[in-house]
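here are the coordinates; sequence isn't available:
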């Protein structure tokens, strides 16, 4: 077997933060790697060990990072590309495959695998009950890579479909106004006080869960460390002494 | 502390089949349990050990099973309710919370937790690349608990929103015709040959992944062991010597 033939790229998800949410499959793959590629804080989560080279890189260089990973694999390295959450949900798997499609022909013959992880919306949902327990959608609220009009169109259609919803990247310093616009569109389209859930630092020791009626949401409630969920028209809140439980029933009356 | 005060109910997801996809958090919770409640094949996956009582039950008794779990916890038992995949995605978490809301008042004060798992659509997506790499929705195609018209409405709106889509429970012996109707609605609404992905027994040794242009899909391609994915209008197929890679690009042109 040639050096190139022994190389591989495996794109893994290390979950939203708690080490106990990393699957044994991902832990085993990391244990076999020679190189780790990814956004700085995610590479830091993997940590150093003998024989492992860390290649942390900044945000917004996903294609450069992917090309680097593919190039190293073609030279025989065993390369992990690390994402938080699940690599297939608004993360590195699509970026690596985009680099494969538009990159060197030989990259198509590499051993390329994607290993799933616990994505933020499902950790957030679990943390407050089961608000995504019926049909739902997941929307990236960043307009860095798609027009804002398309986001608003999807929000209105998702409300019309009466999906529960999960929103990734709701707000960042470079996009301070988008979340407010999204909330306004949702308030108009939904027309009720269904719960919006702000899960910040989900699964970490400083996790916070805030439940706010959609009618009372303001744009400052989300930041880049928050995943936001929105109930459907049927979502229920169970009040009790501790934190309330939220769920979307499995059934809809005929 | 009273016996009742020491009891708990934890609803866990054990992933789609591969033991290496069970999170350490879930494994630890199962290790502390006195009782396991769930659908027969999922309880079998947990297996027997000293001090653990297994309570397997048949399909379609989700509320009875939930009430049983809550009753045992109120008597001081440490009860795991087991789901495949993620418990919050078309699984037991919403059923248990429905039983809490409509059940004995004391059940609200129980220690009730939900622990996330790897849901089938994300394992299926990873197995073929990243078809859910852009905005997407998840729809349960069973009309056991909602009217068929609502399912068709959601399919048409999801197509209009240009979501990638994941379909759970596409077809069963008691519902042989629904999947064909869903495919017909999607063919009309999408109007192109975007790929539909049939992931059967995902993550198990006998996993199969079939990729079929939507225009050529027939209703017999899915069964109850299949999770079905559908690309958006922008989804790409990377052909190569081995199995093709499928992904939905992160960006949409403005």
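Sure thing, it's come through. All values derive from a computational prediction rather than experimental measurement.

Only C-alpha atoms from now on, for both contacts and neighbour counts.
OK.

What is the least confident helix or strand in chain A?
Least confident helix or strand of chain A, by mean pLDDT, DSSP states H and E, is helix A:3-6 with a mean of 64.

Give me the next element, helix or strand, following that helix.
strand A:8-13 (DSSP states H and E).

So which elements touch that following strand?
helix A:24-32, helix A:62-74, strand A:78-83, strand A:111-115 (3 or more Cα pairs under 8 Å, 6 or more residues apart in numbering or on different chains; DSSP states H and E).

got JSON lines for these, with distance to chain B and mean pLDDT too?
Listed next are the helices and strands packed on strand A:8-13 as JSON lines, based on distance: least, Cα to the nearest Cα, whole Å; pLDDT from 0 to 100:
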{"stretch": "helix A:24-32", "distance to chain B": "5", "mean pLDDT": "98"}
{"stretch": "helix A:62-74", "distance to chain B": "11", "mean pLDDT": "97"}
{"stretch": "strand A:78-83", "distance to chain B": "13", "mean pLDDT": "98"}
{"stretch": "strand A:111-115", "distance to chain B": "5", "mean pLDDT": "98"}
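
What is the neighbour count of the closest residue to residue A:235 other than its chain neighbours?
Of all residues not flanking residue A:235 in the chain, residue A:248 sits nearest, at 4.2 Å (Cα to Cα, 6 or more residues apart in numbering or on different chains). Residue A:248 has 28 neighbours, counted by other Cα atoms under 10 Å in any protein chain shown.

can I assume residue A:214 is in contact with residue A:195?
Yes: judged on Cα atoms under 8 Å, residue A:214 makes contact with residue A:195 at a distance of 5.7 Å.

circling back: now, of the helices and strands packed on strand A:8-13, which is deepest in the fold?
strand A:78-83 (a mean of 27; mean count of other Cα atoms under 10 Å in any protein chain shown).

Show me the contact partners of that strand.
The contact list for strand A:78-83, computed with Cα atoms under 8 Å, 6 or more residues apart in numbering or on different chains, reads A:6-14, A:29-30, A:32-39, A:42-43, A:66, A:69, A:72-73, A:91-92.

What's the first helix or strand after it?
Downstream of strand A:78-83 (by DSSP H and E), the next one is helix A:92-102.

Okay, buried residues for that following helix please.
Of all the residues in helix A:92-102, those buried under the rule 16 or more other Cα atoms under 10 Å in any protein chain shown are A:92, A:93, A:94, A:95, A:96, A:97, A:98, A:99, A:100, A:101.

of the contacts of strand A:78-83, buried ones?
A:7-14, A:29-30, A:33-39, A:42-43, A:66, A:69, A:72-73, A:91-92.

Look at whatever residue of chain A ends up closest to chain B and give its secondary structure.
Nearest to chain B, among the residues of chain A, is residue A:137, at 3.8 Å (Cα to the nearest Cα). Here residue A:137 is strand, with the state taken from DSSP: H, G, I helix; E, B strand; the rest coil.

what stretches of chain A score poorly on pLDDT?
Along chain A, the model assigns pLDDT under 70 to residues A:1-4.

what's the domain layout of it?
A:3-118, A:121-247 (automatic domain parsing).

quick one: the last one to chain centroid distance?
What separates the centre of domain A:121-247 from the centre of its chain is 13 Å, taken as Cα atoms, centre = their mean, to the nearest Å.

who touches the residue lying closest to residue A:251 once chain neighbours are set aside in this structure?
Take residue A:251 and drop its neighbours on the chain: the residue closest to it by Cα to Cα, 6+ apart is residue B:145, 4.6 Å away. Counting by Cα under 8 Å, 6+ apart, residue B:145 makes contact with A:250, A:251, A:252, A:253.

So which of these belong to strands?
Counting by DSSP state E, those place none of their members in strands.

What's the PyMOL syntax to select whichever of those are buried?
Buried subset of the contacts of residue B:145, written as a PyMOL selection, criterion 16+ other Cα under 10 Å:
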select buried, chain A and resi 250+251
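
Specify which member of the contacts of residue B:145 is nearest to residue B:128.
Distance to residue B:128 across these (Cα to Cα) is lowest for residue A:250, with 28.9 Å.

residues near residue A:243, how many?
By other Cα under 10 Å, 12 other residues sit near residue A:243.

now swap in the one 3 residues further on and tell me
The local packing of residue A:246 (other Cα under 10 Å) involves 27 other residues.

Packing partners of the helix or strand where it lies?
Using DSSP H and E, residue A:246 sits within strand A:245-247. The contact analysis (3+ Cα pairs under 8 Å, 6+ apart) places strand A:245-247 against strand A:129-130, strand A:236-238, helix B:92-102.

contacting residues for the residue nearest to residue A:235?
With Cα under 8 Å, 6+ apart, residue A:248 has these contacts: A:130, A:131, A:132, A:133, A:134, A:164, A:231, A:232, A:234, A:235, A:236, B:94.

try it again with 7 Å
Residues in contact with residue A:248 (Cα atoms under 7 Å, 6 or more residues apart in numbering or on different chains) are A:130, A:131, A:132, A:133, A:134, A:231, A:234, A:235, A:236, B:94.

With residue A:66 instead?
A:95, A:96, A:99.

cool, and residue A:34?
A:51, A:52, A:53, A:77, A:78, A:79.

what do you get for residue A:99?
A:63, A:66, A:67.

Surely the first one touches residue A:95?
Right, the one you point to is residue A:63. Yes: counting by Cα atoms under 7 Å, residue A:95 is a contact partner of residue A:63 at 6.0 Å.

and the nearest residue to residue A:201 once chain neighbours are set aside, how many neighbours?
Excluding the flanking residues, the one nearest residue A:201 by Cα to Cα, 6+ apart is residue A:207, at 4.7 Å. Residues contacting residue A:207 under the criterion other Cα under 10 Å number 14.

Give me the distance between the two termini of stretch A:186-197.
One end of stretch A:186-197 sits 14 Å from the other (Cα to Cα, to the nearest Å).
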